[in-house]
Structure formats: C-alpha cells, structure tokens
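Novice: predicted model and sequence follow; I will ask about them next.
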Amino acid sequence: MRCTFPWTGMLIDPAGYLTLCCAIKGSGQGKYFGGVHIDDVDGLTEFFNGPQYTQARKDFEWGYEYVPECIECILQNKNGQRPAAKGSHIFDNSNRQKGKVQYLEYTTSNVCNQKCVMCSSKFSTQWADIESIFGRKSHPTQSLSDKSIDKIVKILPDLQQIHVKGGEPFADMKNLRVLEALVEVNPKCKVTMTTNASMIPKKFIEFFKKIENANLVASIDGLGKRYEWIRGSSWEKTEDNMERFAQETGKLFSVFPTVSVYNIQHWKVIDDWVKRRGGIVTKATTWTNPVTSPKWASPKYCMTQEEIDACELPFKIKSEYDPMYVKQHVEYTQKMNEIRGFMIDSAVNTKGI
Ligand code: SF4
C-alpha cells in the first residue's frame, strides 16, 4: 500500500516540530523525525533532501504496511475507511524525483478562539486555564518565529498544495503573511484551510478572493445549542460567517465533523443542514473523523459496539469499550456543563456506573 508523503509532503505541528503527516504515531517526536524543530534546520528543502527523509523513503519503499508508525492508516485501511495515506497530498509519480516539498501542512501557532470539548491546550490556547480541571497538564502558547515563517515563505514557489491548520488559522495573522506571499509567487497553488469559521477577518476574505483553487474545510459538529456546547462559540455567528464568506469570495465550505459521544446520535442533522445549505455555504460532508482523545468523549471507548452500530453512522467505529472511561465521561461532562453554563445529553449509557 503506497503513501507518497515521504516523497512529497511535510508537516509542521503546532509546536514547530517537523514530521511526515498528522496521522503518524509519535508525530514529530518519534522516528519521523525525533524532535527536529523548524528553528533547527537550515531550510525546509534542505531537510527534505537530508538523511532523515532519505531513510524515510527507504522505509516506505515497499508500502506503509511495513512501517509500524503508520498504524492508524493500516487500521483504517483494514476497517474499510479512507486512510490519510489516500489523502489529497498524492501527486503523480513523476514528481517524486523533484527533491522539493509539494504538499505542506503547517500551523503557525496553537492560538485559537474556541475551547472545544475534544481539544486540549496543545491545539488551543483557550484550554490552558482549564486543563487542570480535567486532570491534564497545560501546554504553553506556541508560535513560530519570524525566521521560521521565512523558511516556509522560501518554499512557497515549489508547492502544489498548502494546508493551513491551527490552532485556528483565522485567529493568527501570521498566516496572512504566508498566504499573501503565496499569491505573489504561486497563485495556482491549492490552498486548503481547516477552520472553525467562528471568526473570519476581512483581510483573509480579501486573500481568498484572489486565490483560484481553495478548499475551505469547516469543523461543524452540530447545530444550535449542541454546536455551542461542543465548541463554545455562537452557532448563529458561525453560520453567518460562512454565508458572508461564500457570498464575498464565491467559494463554498465543505464540512468535516468530529464525531464524539455528544453528536454521534445527531449526525443526520448535520448532513441535512449541509444539503439544505448546499450551493449557498456548503458543498459536501466528509464523515471520517471520530474522537479518540480524550477517551471520555470518544464513542470508541465509551460506547459498546451495539450502541455505536445503532447510530447507523456512514463510517465504521470499532468499539474498545471500557467502563473506566464512562466514569470519567460522567465526571468531565458535568465539569464541561459548568463551564458552558448549560447541560448537554450524550450517547453514553451511564446506567450502572
Ligand atoms: S501511511 Fe499514513 S501515517 Fe504513514 S506517513 Fe502515510 S499518511 Fe502518514
């Protein structure tokens, strides 16, 4: 089974560490590439042509099923799901010899304006103050230095696709510096941005007016109060933002819900909304993203296989039910109810706990 990431792709995680992709085990800290920070390399192309990537290409030559760090893709493939290895970073083989990064997934910081129930301070600065309530350590605010941003800007002419992630990419104006440079040197590059869409500054709208090939991916996990409980910001404002963005840029969002115990029984509501708003703000929904962490919000760990199957999801989740996580679910849902100021139901059966 082939994955082209070692020949085409690079990922910069929220703390600035370089790795192959978002799905690989020990991302940025394990074998690929053991804590190499963007500050520590001369340039991204130089690193891409250096010994660690060369070794990665050797490891992947016979397929990712021989790479233990690719366990997530191996399991997804086995379960009939679409693994990250079959994602949009795949370019034709003739490009493999170029020695240039063609797909860059990056995040300038973990700055975010939301406090989603399934997130943490690693990806959202909003979580820093409340991690201890959930028995976890806080990650500090991380932000790429100007020198590191220069390294990203330098490879922009080579890219076929750039994927901007966060934190929340619209909450960090450093992204605008990268994207405005991209328009100048490589306007045909495909721009994918994963966003919560709860804030979209005017300057970003101006950028997306100028880009031909854009793919906006909105993280919508519910409507109305359910959305507000899961994500912690106004549903009405998010919907208005998406509508305004689509009207002004002519570009529609696709929707990528994260499936947790709080929305698994309501997934058709999101699907219906996407159909209703199709051609206005949205074009399609991709259902492949179950919560695996924290386990107390995860269908996989808090629901039996029978309970998951009863939800008739359009993709499979294999249960590894453990009552210990159900107990945590009860405790932490109550804490999140207090933070949100109202209560939510969930699909977890708490009888007998
Ligand atoms: S096979 Fe999957 S986990 Fe491995 S590098 Fe490719 S996308 Fe990443």
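Specialist: Looks like it arrived, so ask away. Numbers count the residues shown, from 1 in each chain.

Novice: in the stretch 151-300 of the chain, which spans are strands?
Specialist: Under the criterion DSSP state E, counting those that start in this stretch, strands of the stretch 151-300 of the chain are mapped to 161-164, 190-195, 214-218, 253-255, 282-285.

Novice: show the contacting residues for the residue of the stretch 201-350 of the chain at minimum distance from the ligand.
Specialist: The ligand sits closest to residue 288 of the stretch 201-350 of the chain, with a gap of 13.0 Å, by CB to the nearest ligand atom. Heads up, the C-betas are built off the backbone N, CA and C, glycines and all. Residues near residue 288 by CB atoms under 8 Å, 6 or more residues apart in numbering: 81-82, 315.

Novice: apply 6 Å and report the result again.
Specialist: 82, 315 (CB atoms under 6 Å, 6 or more residues apart in numbering).

Novice: repeat for residue 37
Specialist: 16-17.

Novice: which parts of the stretch 51-200 of the chain sit against the ligand?
Specialist: 64, 67, 70, 72-73, 83-85 (CB under 6 Å from any ligand atom).

Novice: tell me which of the residues you listed fall in strands.
Specialist: Among those, no member falls in strands (criterion: DSSP state E).

Novice: count of neighbours near residue 286?
Specialist: Residue 286 has 13 neighbours, counted by other CB atoms under 10 Å.

Novice: for the one 3 residues further on, same thing?
Specialist: When neighbours are defined as other CB under 10 Å, residue 289 has 15 of them.

Novice: who's the closest spatial neighbour of it, skipping the chain neighbours?
Specialist: The shortest distance from residue 289 to any non-neighbouring residue, by CB to CB, 6 or more residues apart in numbering, is to residue 258 (5.1 Å).

Novice: residue contacts, that neighbour?
Specialist: Taking CB under 6 Å, 6+ apart, one finds 118, 221, 289, 291 in contact with residue 258.

Novice: just residue 32 next, same as before
Specialist: By CB under 6 Å, 6+ apart, the neighbours of residue 32 are 19-20, 24, 56.

Novice: and residue 81, by the same measure?
Specialist: So residue 81 contacts residue 315 (CB under 6 Å, 6+ apart).

Novice: just to be sure, it is in a helix?
Specialist: No: with DSSP: H, G, I helix; E, B strand; the rest coil as the criterion, residue 81 is located in coil rather than a helix.

Novice: gap between it and the ligand?
Specialist: 12 Å (CB to the nearest ligand atom, to the nearest Å).

Novice: gap between that residue and residue 216?
Specialist: 23 Å (CB to CB, to the nearest Å).

Novice: with residue 317 instead?
Specialist: 26 Å.

Novice: same question, residue 177
Specialist: Remark: distance between residue 177 and residue 216 (CB to CB) = 19 Å.

Novice: could you do residue 38 as well?
Specialist: Counting by CB to CB - residue 38 and residue 216 are separated by 25 Å.

Novice: same thing with residue 168?
Specialist: Distance from residue 168 to residue 216, by CB to CB: 13 Å.

Novice: I'm done for today, thanks for sticking with me.
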